[in-house]
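Peer 1: just the structure for this:
(chains A and B)
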Amino acid sequence: MKKNLKFNAIWLLIAIAGWILINVLEGVGIIDQFAENTLVLIGINIILATGLNLIIGFSGQFSLGHAGFMALGAYAAALVTQAIPTPGGFVIGMVAGMILAGVVALIIGMPTLRLKGDYLAIATMGAAEIIRIIIVNLKITNGPAGLYGLPQLANWSLVYVLVVVTTIFTVNFIHSRNGRAVMSVREDEIAAESMGINTTKFKVAAFVFGGMTAAIGGALHASYIQTIAPNDFGIMQSINILIIVVMGGIGSITGTFAAAILLGILDMVMQSFGALRMVLYSLALILIMIFRPKGLFGTWEFSVKRLFNRKKKAKEGA
Amino acid sequence: MQILQQLINGLSLGSIYALLALGYTMVYGIIKLINFAHGDVYMLGAFWGYYMINQFHVGFWTALIVSMIFCAIVGVVIEFLAYRPLRNSPRIVVLITAIGVSFLLENGMSYLFSSSPRDFPQAMQMVRYHFWGISISNIQILILVTSIVLMILLQLIIKRTRMGKAMRAVSVDPEAAKLIGINVNHTISFTFALGSALAGAAGVMIGLYYNSIDPLMGMTPGIKAFVAAVLGGIGLIPGAALGGFVIGIVETIVQALGFSAFRDAAVYAILIIILIIRPAGILGKVTREKV
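Peer 2: Coordinates of the predicted model:
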């Protein structure tokens, strides 16, 4: 713990430096309202994709239902902030959404995580669709029209802080004893089981953890965009998050960041292409997959620790 | 009588799902890929049929057959350009590529031909027959009979021809199939051609049935058909047919009971329940994992 403290502190410094940098750029006027919008969307996508990467990349379970948990977080935050339009209300709503998503993930995960591969994918997709259809038919969620005119309580600073917090939590979880157990399930479920690892428990744990981070992303989405409708959380949204994970490299958090940023910028640049935008986007997707099938970073991870150790070794060598 | 009427409606809708599910299941059986672009091939089939009937004033049957050939070519080209370079990549990468192809077809068609729905020409006069209190249209009969004939043809191709034998061999073990001299790439192309031809037929028939086509029409039926394939046991031809009919019937019955808002939810709920009880689908065999 103490050993990692130093590196966690360095990461914190990097994060603070990033925050200051963006603030300065905004003050100078390089980042305008439009670019800030893109930054926030990138941040939300990072939160969503990091959680999904934990499920797909680290526990090896193929989930296609991430948007369902995102919807739970978004609607919980929206409903609470409508009643209590203060930052405190947002926190209550987000936490409520996280708890709700966690419980629902537990209920869905327990039976379905026994399934493997594509069967699991289709079962989670079905579960997310059921969540969406229930939201469409509830009175409190205002049916297919959704909720609008929500108070805007999320700004880019909050998104930035939450990106940092969820990433630190996720990465530390992966590097913990439990995280190694989760990864052993990915590598070989039978071998892991024979080593005495309760595979079901760790699969469900990763699934619940991922679902809860999705709820954070959803809450931020609702509060920043100020309008949510059930159709925002359909299969397409799950697939969009999946694309970020696969494009960055399955099992690489660094890759998830890079892909979310790349896709966010691509999206911003191509706004001016109008209808051609989606055509170019899909072509880019196909070409990246064909020429870099491992994703941008494969399973490579940027690590301050490794950088330090290498320096130390170089010193010792000299 | 009401139940029988819903059964007939469900069967004709289900046969469309079944035709699509067959394409999914064959492709999955042979390269373990969820071909997300399959629903869009079905859309292309409908559009090609529309084009043939409007521009060349051909009859329904000609349009059907020409669309099937067109879709077969499209399927082979998609496989050749997008999936073949990724033959040895992780499956999830091929899956994302398939999603990319699906986006490309949907958005490309929206870009070129606008995304607004258009009327499918009435290539055949609709006639309704009434007997014993049931109403059935000639188009419903046509869909049902054509689908069943196509399914029987498919079964014959797979069980009785050399190519069918090669398909079965490749789906069991591609490496071993290669060793005994089967051209794996040709076999996979042939599988795509067969599956896409069925999707094309389904597209033209749904155009005739619903009278309306648009570039995004393949999305929902595509996902439903995949659910059907999983429900029946993916990789199994009879399973896909059964799954398609089950989903069609469930949908129409839920709708008839007045829960049309929950129509899709019911389909997914049944899927999840069946997968939990029988993890390999209705007809699938549960294989024990050997260590």
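
Peer 1: residue B:234 falls within a helix, correct?
Peer 2: No. Secondary structure of residue B:234 (DSSP: H, G, I helix; E, B strand; the rest coil): coil, not part of a helix.

Peer 1: what's it sitting at in phi/psi?
Peer 2: phi -70, psi 140 (degrees, to the nearest 10).

Peer 1: try residue B:129
Peer 2: Torsion angles, degrees, to the nearest 10, at residue B:129: phi -100, psi 140.

Peer 1: let me see the contact set for it.
Peer 2: Counting by CB atoms under 8 Å, 6 or more residues apart in numbering or on different chains, residue B:129 touches B:135-138. The C-beta positions use only the backbone N, C-alpha and C, and glycine is treated the same way.

Peer 1: repeat that for residue A:53.
Peer 2: A:245, A:248, A:250-253, A:256.

Peer 1: out of the residues you listed, who's the most crowded?
Peer 2: residue A:256 (34 neighbours; other CB atoms under 10 Å in any protein chain shown).

Peer 1: how many neighbouring residues does residue B:128 have?
Peer 2: 10.

Peer 1: ok, now residue B:97?
Peer 2: Residues near residue B:97, counting by other CB under 10 Å: 28.

Peer 1: for the one 5 residues further on, same thing?
Peer 2: Residue B:102: 24 surrounding residues under other CB under 10 Å.

Peer 1: in a strand, residue B:136, correct?
Peer 2: Yes. Membership of residue B:136 in a strand is supported by three-state DSSP.

Peer 1: and the buried ones among the contacts of residue B:129, selectable in PyMOL?
Peer 2: Provided next is the PyMOL selection string for whichever of these are buried by 16 or more other CB atoms under 10 Å in any protein chain shown:
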select buried, chain B and resi 136+137
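
Peer 1: circling back: which of the contacts of residue A:53 come close to chain B?
Peer 2: Contacts with chain B within the contacts of residue A:53, counted by CB under 8 Å from any CB of the partner chain: residue A:250.

Peer 1: residue A:101 and chain B, how far apart?
Peer 2: 18 Å (CB to the nearest CB, to the nearest Å).

Peer 1: how about that residue: what's its closest non-neighbour residue?
Peer 2: residue A:215 (3.7 Å; CB to CB, 6 or more residues apart in numbering or on different chains).

Peer 1: list the buried ones in the helix or strand encompassing the one you found?
Peer 2: Element membership for residue A:215, per DSSP states H and E: helix A:199-225. Neighbour-count burial for helix A:199-225 flags A:199, A:202-225 (criterion: 16+ other CB under 10 Å).

Peer 1: same question, stretch A:270-289
Peer 2: Buried residues in stretch A:270-289 (16+ other CB under 10 Å): A:270, A:277-279, A:281-286, A:288-289.

Peer 1: what lies in contact with it?
Peer 2: Here stretch A:270-289 has contacts from A:243, A:246-247, A:266-267, A:296, B:82, B:86, B:93, B:96-97, B:99-101, B:103-104, B:107-108, B:110-111, using CB under 8 Å, 6+ apart.

Peer 1: ok, of these, which come out buried?
Peer 2: Using 16+ other CB under 10 Å, the buried ones in these are A:243, A:246-247, A:296, B:82, B:86, B:93, B:96-97, B:99-101, B:103-104, B:107-108, B:110-111.

Peer 1: where does chain B come near chain A, residue by residue?
Peer 2: B:28, B:34, B:82, B:85-86, B:89-90, B:92-93, B:96-97, B:99-101, B:103-104, B:107-108, B:110-111, B:223, B:226-227, B:230, B:234, B:261-262, B:264-265, B:267-269, B:271-272, B:275-276, B:279-280, B:289, B:291.

Peer 1: so which of the residues you listed are in helices?
Peer 2: When DSSP state H is applied, the residues of chain B next to chain A are split such that B:28, B:92-93, B:96-97, B:99-101, B:103-104, B:107-108, B:110-111, B:223, B:226-227, B:230, B:264-265, B:267-269, B:271-272, B:275-276 fall in helices.

Peer 1: which one of the contacts of residue B:129 is nearest residue A:152?
Peer 2: residue B:137 (52.9 Å; CB to CB).

Peer 1: re the thing from before, averaged pLDDT, the helix holding residue A:215. What do you get?
Peer 2: Mean pLDDT, helix A:199-225: 93.

Peer 1: what's it packed up against?
Peer 2: helix A:33-53, helix A:66-83, helix A:87-112, helix A:156-174, helix A:177-187, helix A:189-194 (3 or more CB pairs under 8 Å, 6 or more residues apart in numbering or on different chains; DSSP states H and E).

Peer 1: the helix or strand just after it to helix A:66-83, inter-axis angle?
Peer 2: Remark: after helix A:199-225, the chain's next helix or strand is helix A:235-248, criterion DSSP H and E. If you take axes from the mean of the first three to the mean of the last three CA atoms, to 10 degrees, helix A:235-248 sits at 120 degrees to helix A:66-83.

Peer 1: who's in contact with helix A:235-248?
Peer 2: Taking CB under 8 Å, 6+ apart as the rule, helix A:235-248 contacts A:45, A:48-49, A:52-53, A:56-57, A:64-68, A:70, A:125, A:128-129, A:254-260, A:262-263, A:285, A:288-289, A:295-297, B:92-93, B:96, B:99, B:223.
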